[in-house]
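Chemist: the following comprises the amino acid sequence and a computationally predicted model.
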Amino acid sequence: MSFSLPADPPTARSLTAIVPQLLASLSDAGDWFVSARSAILVLVDGLGRGNLTARAGHARFLTAAMTKKDAARSTFPSTTATALTGLLTATDAGTHGIVGYRARIPGTDIAPNQLKGWETDGLDPMTWQRAQPLLEREANAGRPTFVVSKGLYRDSGFTRAIQRGAEFVGAATPAERLTAAAARASANPGALVYVYIPELDTLGHAHGWESERWLRGLEELDADLRRFEAMLSPGVGALVTADHGMVDVPAHRHVLLRDGDPLLQDVALVAGEPRMLQLYTTDGSAAAVAERWREAEQSRSWVMTREEAIDAGLFGPHVHPGVRDRIGDVLVAARTAVAYYDDRVADKKPQRMIGQHGSWTDQERIVPLIRLGAFANG
């Protein structure tokens, strides 16, 4: 292998193990959490542990509740579509098939957005995402399961793909979602309640996680979660975590790929996302494309072929044959503060994004595990 990635420590906890551990706590069999009457999982999109600890003074409640060991590693790529699917199916991308932000439908030149492409590109939520959602499994077994999220996500394809089976509760603000979650957990012993809070991620993308806007959002969330813990009934445990962290990439650190760029030679399709490109090459050219990218970019990015990434276990210990060809022939994962854009695309709006994620760095992959309520006792 001609590339080297930093290895996760053997004791590292995985994002994909969180829900099984929460379910185990409801049957007195958990390793991570003490027993609980009901469990609430609060997913704060984009709140990496590094981001949180760097701004600890703006989130005194959360950081006071977090110990040094309270962390988990997100998926690869460290992008919302892949991470949330892994979280709610307890499988890796090589099994569930959501291998990135944008990934090619094998045999086509279409690379749908894995969050919104269900509607725009005809992805089937029942088949494109290949693993059974844990919420559906638990609901079928008789457990009360709830998803508390923005109402606009109620009927989305992505919701059906990874959250089907649960009762959907729409609420406009984070505070309203947390209040609704506490009420459902209290009224339904044995319940598993999933709460989704995307607002901080939205602020980070638009303004950067080091911006004043992001800091105000963090302060408001910290206050909301402080009030939320006070609402929890005895015996209800709550966990606050995230799908990924965030790196700020200013415009002068963008690498713009234009017509005639040697890096685009033999590249038929550019997908993935700016910090984790997935390049689909013309037949037989993957090795040559990877070599060109290594010569130009190895000082600031990891470059690997699909086979190298699979052999390294980045998409999990097993990659299903039906998933393999969804992965790019060549992957370019940023390890410094750069982002790659296909500048031939007419829509330049994505280039305005400041906060970014998707790659293998600790800043993007390490997320907090913050125990509240009954879980704070163990």
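Modeler: Perfect, thanks for sending it.

Chemist: compute the first-to-last residue distance for stretch 368-376.
Modeler: For stretch 368-376, the first-to-last residue distance is 14 Å (Cα to Cα, to the nearest Å).

Chemist: got it, and stretch 258-271?
Modeler: Across stretch 258-271, first to last residue, Cα to Cα, it's 15 Å.

Chemist: for the residue nearest to residue 111 when sequence neighbours are not counted, name its beta-bridge partners.
Modeler: The shortest distance from residue 111 to any non-neighbouring residue, by Cβ to Cβ, 6 or more residues apart in numbering, is to residue 271 (3.8 Å). The way it works is simple: take the backbone N, C-alpha and C, and place the C-beta from them, glycine included. Beta-bridge partners for residue 271, by DSSP bridges, are residue 278.

Chemist: okay, which residue of the protein is out on the far edge from center?
Modeler: The outermost residue of the chain relative to its centre, with distances by Cα atoms, centre = their mean, is residue 260 at 33.7 Å.

Chemist: element containing it?
Modeler: For residue 260, there is no enclosing helix or strand under DSSP states H and E.

Chemist: residue 119 versus residue 363, what's the distance?
Modeler: 32 Å (Cβ to Cβ, to the nearest Å).

Chemist: those two: which has the busier surroundings?
Modeler: Neighbour comparison, residue 363 and residue 119: the larger count goes to residue 363, with 20 against 13 (by other Cβ atoms under 10 Å).

Chemist: is that one in a helix, a strand, or coil?
Modeler: helix (DSSP: H, G, I helix; E, B strand; the rest coil).

Chemist: ok, it to residue 43 distance?
Modeler: With Cβ to Cβ as the criterion, residue 363 and residue 43 are 18 Å apart.

Chemist: also residue 229?
Modeler: 16 Å.

Chemist: hmm, back to that, for the residue farthest from the centre of the chain, phi and psi?
Modeler: phi 90, psi -10 (degrees, to the nearest 10).

Chemist: for it, give me its contacts.
Modeler: When contacts are counted by Cβ atoms under 8 Å, 6 or more residues apart in numbering, residue 260 touches no other residue.

Chemist: how about the helices of the stretch 1-150 of the chain, start to end?
Modeler: According to DSSP state H, counting those that start in this stretch, the stretch 1-150 of the chain carries its helices in the segments 18-25, 49-54, 60-64, 80-89, 93-96, 117-120, 134-140.

Chemist: swap that for the stretch 151-300 of the chain, sorry
Modeler: Going by DSSP H, counting those that start in this stretch, the stretch 151-300 of the chain shows helices at 157-163, 174-187, 199-207, 212-231, 286-297.

Chemist: and the longest one, what's buried?
Modeler: Put plainly, it is helix 212-231. Using 16 or more other Cβ atoms under 10 Å as the burial criterion, the residues of helix 212-231 that qualify are 214-215, 217-218, 220-222, 224-226, 228-229, 231.

Chemist: nothing else from me, thank you.
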